[in-house]
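1. my questions are about this predicted structure, shown below with the sequence.
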Amino acid sequence: MKYLNKIIVGAVAVGAVAVLAVGALAADISGAGATFPFPIYSKWAAAYKAQTGTGLNYQSIGSGGGISQIEAKTVTFGASDMPMTAADLDKNGLTMFPTVVGSEVLVYNLPGIASNTLVLDGPTLANVYLGRITKWNDPAIAKLNPGAKLPNTAIAVVHRSDGSGTTFIFANYLGKVSKEWADKVGAATAVDWPVGIGAKGNEGVAGNVAQTAGAIGYVEYAYAAQNKLPWTKLVNHDGKVVSPTMASFQSAAASADWAHADHFYMILTDQPGANTWPIENPTFILVPKNPPNPAAANEALKFFKWAYANGGKMAEDLDYIPLPQAVVNRIEASWKEIRGVNP
Amino acid sequence: MVDLALKEDATSKPATSRMPGNLGSDRTFRAISVSSAVAVLVMFTGIMAALIYGAWPAISAFGLSFLWTEIWNPVTQKFGAVAPIYGTLVTSLIAMLIAVPVGIGIAIFLTELCPPSLRRPIGIAVELLAGIPSIIYGIWGLFVLAPFVQQYVMPPVIDAFSNVPVLSDLFAGPPYGIGIFTAGVILAIMVLPFITAVSRDVFLAVPPVLKEAAYGLGATKWEVEYNVVLPYARGGVVGGIMLALGRALGETMAVTFVIGNANRVSTSLFAPGTTISASIANEFTEAVGPLYAPALVFLGLILFFVTVIVLGAAQYMLYRLEKRAGGKS
């Protein structure tokens, strides 16, 4: 960790020198972290710059890097797909708030079985990823899909090979629906996978699933939609079969208990609600409570305030889910904690 | 060597007394070449020191047991290097098993058997293989080679050996298409040009009079190649193989695409695995926790040693070969 920090700090120092050299014509907001929300942050940034003249310099170096950089205070805000616990936030003097919600779907490669027809439930999925279920015509899958022509094909489990917030959310979901998964594997940005093949990035998982007959993998919804991969329905917390749609995605964000979420620590997996999609993740922003440069922090918060008010449509166009207004109000109220800002 | 040094001494003195004007440039030249040589040593030790420093938390936490523990669990922060070391060695071994005979075969064909009109096109094609960036091999491997292997290579092989004791373990299913075997094949294609290009050049350097003498004695083409050309060119060929092996051990991008990136040791060559460089490339960006990043740096240090040991062993083998050949003649 220390080593990683050093490298990152070094890289940032070089970057900072480069930025200084280019010129201090416009004080751009600087942020770094998660790759998953990068498309929407850049889209917001372009629109925001056109309106206000203030740009955003966001380096999508990964959630781990975002956390290291904000702890080292080399950027104005950090971004992470994996929420930091309240204890960790307090230790580092940070505040945290979500921006948008992403959703994950299971994609598969079974010729002859159309997209959005195959049904899986949590325990079955966990058993597939634990290596307990190895064939597509396993009785557990057949029971969920009466009438479907399931082939006697080996299941090729595909997972991420790089550390990723996507993996954290997926493993967290499996842990909620399977005790064995929680005990044996657990959840983190990288885990000790019992079975399967690893692929780098969402695009790698999508590519491997598309190439390998009998494969199943988890990807952010946008990748499945863009690559036209067939996805499964899932049985949710209420025992209902749901399809991945904008409505079922929004249901999870709306029904979650934000009022009791300390520092907005929220993992939107296996949430209640008849129409709720079970695997979703808010992506988070980290800002120091006592920013070294309050003016810069203020600019950053102004940007996010603008994005909450004006960026919902842009987010939906890119398959992200905007936060419910009630949550946005809470977030903006929470900014009082940060010293010297008034966005 | 000694001879050379003496000569240099003998000539340099009169030169300085006769042409004092050249003394400065000669000194500069000497300084530049010495510092270039020293720079290599400094970099070598510097990299070594940086790796040890970066890996220190993992070294002190796991000690040498890191080398024989098969676990890679970022959740509990327990790490062991068996799976990546195994994958690195086995993929390189498969690559060499395929690339050495094919590469030398191409070189012999190009120098001895090929019609002159084909010589240049084939030679250029082989050299172009060396110029293709490894990521292209990776993409090709994932999108073309892996589906082909999954459909047409793995199933028949798995079926054919399903009742043969050892082989049924070595070639066990399910056929994913990607895995240790596919990675070895990709590596073989990538290192082929090194072996071919170097072998061809040393074959061409064999004095024609030796071959003519052998043909004059009534030797067949095979006898000439096997008894005259190959022994004469042995050193160069082994050098080319070493170059290829060095590349195979460290290759990252193409391997990452097709090896399956699973931190497990499987008896089956068709199962997914990982290599040291693939693990580092995959996991370094998001390695959080006190021991995760140090464990990856530790892996890098091991790769450093694996490369040094393998190449050192090869040098030693070459030395033994030369000595034996020298004793015989």
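-> Received the coordinates, thanks. Residues are numbered from 1 along each chain as shown, chains lettered A, B, ... in the order given.
2. so which residue of chain B comes closest to chain A?
-> Nearest residue of chain B to chain A, counting by Cβ to the nearest Cβ: B:Glu286, 2.5 Å away. To be clear about C-beta, it is placed using only N, CA and C from the backbone, and glycine gets the same treatment.
3. help me confirm that that residue comes into contact with A:Ser164.
-> Yes. At 6.3 Å, B:Glu286 and A:Ser164 qualify as touching, with contact defined as Cβ atoms under 8 Å.
4. so what's in contact with those two at the same time?
-> Shared contacts of B:Glu286 and A:Ser164, defined by Cβ atoms under 8 Å, 6 or more residues apart in numbering or on different chains, comprise A:62-63, A:189-190.
5. does the helix or strand containing B:Leu303 reach chain A?
-> Mapping B:Leu303 onto the secondary structure by DSSP states H and E places it in helix B:292-328. Yes. Using Cβ under 8 Å from any Cβ of the partner chain, helix B:292-328 reaches chain A at B:292-294, B:297.
6. now those in CSV, with neighbour count?
-> Formatted as CSV, the residues of helix B:292-328 next to chain A follow (neighbours: other Cβ atoms under 10 Å in any protein chain shown):
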residue, neighbour count
B:Tyr292, 25
B:Ala293, 26
B:Pro294, 26
B:Val297, 24
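7. from those, which two are the most distant?
-> B:Tyr292 and B:Val297 (10.0 Å; Cβ to Cβ).
8. who's in contact with the residue in chain A positioned nearest to chain B?
-> Nearest residue of chain A to chain B (Cβ to the nearest Cβ) works out as A:Gly163 at 2.5 Å. If a contact means Cβ under 8 Å, 6+ apart, then A:Gly163 has A:62, A:64, A:189-190, B:74, B:283, B:285-288 as its contacts.
9. which one of those residues is nearest A:Ala256?
-> A:Thr189 (21.6 Å).
10. was I right to think that closest one contacts B:Glu286?
-> Yes. Counting by Cβ under 8 Å, A:Thr189 does reach B:Glu286; the two are 5.1 Å apart.
11. need the overlap of contacts for the two.
-> In contact with both A:Thr189 and B:Glu286: A:63-64, A:163-164, using Cβ under 8 Å, 6+ apart.
12. coming back round to it: out of the shared contacts of B:Glu286 and A:Ser164, which touch chain B?
-> A:62-63, A:189-190.
13. between those residues, which has the most around it?
-> Highest neighbour count within these, by other Cβ atoms under 10 Å in any protein chain shown: A:Ser63, with 31 neighbours.
14. tell me, how many residues neighbour residue 69?
-> Picking chain A for this. 26.
15. chain B was what I was after
-> 15.
16. ditto for B:Leu142
-> B:Leu142 has 25 nearby residues by other Cβ under 10 Å.
17. am I right that it is in a helix?
-> Yes. The assignment for B:Leu142 (DSSP: H, G, I helix; E, B strand; the rest coil) places it in a helix.
18. show me which residues of the stretch 151-300 of chain B are close to chain A?
-> Counting by Cβ under 8 Å from any Cβ, the stretch 151-300 of chain B sits next to chain A at B:151, B:173-179, B:256-257, B:260-263, B:272, B:274, B:278, B:281-290, B:292-294, B:297.
19. what pLDDT does the nearest residue in space to B:Pro174 that is not next to it in sequence get?
-> Of all residues not flanking B:Pro174 in the chain, A:Ala154 sits nearest, at 3.2 Å (Cβ to Cβ, 6 or more residues apart in numbering or on different chains). Listed pLDDT for A:Ala154 reads 90.
20. helices along the stretch 101-250 of chain B, start to end?
-> All helices of the stretch 101-250 of chain B, identified by DSSP state H, counting those that start in this stretch, fall at B:116-131, B:134-140, B:146-148, B:154-160, B:165-170, B:180-204, B:208-216, B:221-224, B:230-250.
21. quick one, which of the ones you listed is nearest to A:Ala274?
-> Per Cβ to Cβ, nearest to A:Ala274 of the helices of the stretch 101-250 of chain B: helix B:146-148, 40.5 Å.
22. near chain A, anything from the closest one?
-> Yes. Residues of helix B:146-148 contacting chain A under Cβ under 8 Å from any Cβ: B:146-147.
23. what comes up buried for that helix?
-> Buried residues in helix B:146-148, counted by 16 or more other Cβ atoms under 10 Å in any protein chain shown: B:146-147.
24. phi, psi of the residue of chain B closest to chain A?
-> phi -120, psi 30 (degrees, to the nearest 10).
25. tell me the contacts of it?
-> A:62-65, A:162-164, A:189-190.
26. apart from its chain neighbours, what residue comes closest to it?
-> Closest to B:Glu286 by Cβ to Cβ, 6+ apart is A:Gly163, at 2.5 Å.
27. sec struct for that neighbour, please.
-> coil.
28. could you do A:Thr99 as well?
-> strand.
29. the one 3 residues further on too?
-> Using three-state DSSP as the criterion, the local structure at A:Gly102 reads strand.
30. distance check, it against A:Asp270.
-> Going from A:Gly102 to A:Asp270 by Cβ to Cβ, to the nearest Å gives 16 Å.
31. the more surrounded of the two?
-> A:Gly102 (27 against 19).
32. for the more buried one, give me its contacts.
-> A:36-37, A:81, A:220-222, A:280-283, A:320-321.
33. any low-confidence regions in chain B?
-> Along chain B, segments meeting pLDDT under 70 span B:1-22, B:325-329.
34. ok, A:Met266 - how many residues close by?
-> 23.
35. and it, that's in a strand?
-> No. Assigned with three-state DSSP, A:Met266 falls outside any strand and is coil.
36. using CSV, list the CA coordinates for the one helix or strand A:Ala296 maps to.
-> Following DSSP H and E, one finds A:Ala296 within helix A:294-310. C-alpha atoms of helix A:294-310 as CSV (Å, rounded to 0.1, in the frame of the first residue of the first chain):
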residue,chain,number,x,y,z
PRO,A,294,-11.7,25.3,0.4
ALA,A,295,-12.2,27.3,-2.8
ALA,A,296,-11.3,24.3,-5.0
ALA,A,297,-13.6,22.1,-2.9
ASN,A,298,-16.4,24.6,-3.3
GLU,A,299,-16.0,24.5,-7.1
ALA,A,300,-16.1,20.7,-7.0
LEU,A,301,-19.3,20.7,-5.0
LYS,A,302,-20.9,23.3,-7.2
PHE,A,303,-20.2,21.0,-10.1
PHE,A,304,-21.9,18.1,-8.4
LYS,A,305,-24.8,20.3,-7.3
TRP,A,306,-25.2,21.3,-11.0
ALA,A,307,-25.0,17.7,-12.0
TYR,A,308,-27.8,16.6,-9.6
ALA,A,309,-30.0,19.3,-10.9
ASN,A,310,-29.3,19.1,-14.6
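37. so after it, what's the next helix or strand?
-> Next element after helix A:294-310 (DSSP H and E): helix A:312-317.
38. following that following helix, which helix or strand comes up?
-> Past helix A:312-317, the next helix or strand by DSSP H and E is strand A:321-322.
39. what is the rounded mean pLDDT of stretch A:50-62?
-> 90.
40. now do stretch A:251-265
-> Mean predicted lDDT for stretch A:251-265 stands at 86.
41. repeat that for stretch A:226-237.
-> On average, stretch A:226-237 scores 91.
42. what's in contact with that stretch?
-> A:105-110, A:113-122, A:125, A:144, A:206-207, A:209-210, A:219, A:223-224, A:241-244, A:270-274, A:276-279.
43. ditto for stretch A:309-326
-> Outside stretch A:309-326, the residues that reach it (Cβ under 8 Å, 6+ apart) are A:37, A:39-40, A:43-44, A:47, A:98-103, A:220-222, A:225, A:246, A:249-250, A:253-254, A:258, A:280, A:282, A:308, A:331.
44. try 6 Å
-> Identification of contacts with stretch A:309-326 by Cβ atoms under 6 Å, 6 or more residues apart in numbering or on different chains yields A:39-40, A:43-44, A:100-102, A:221-222, A:225, A:249-250, A:253-254.
45. good, we can wrap up now.
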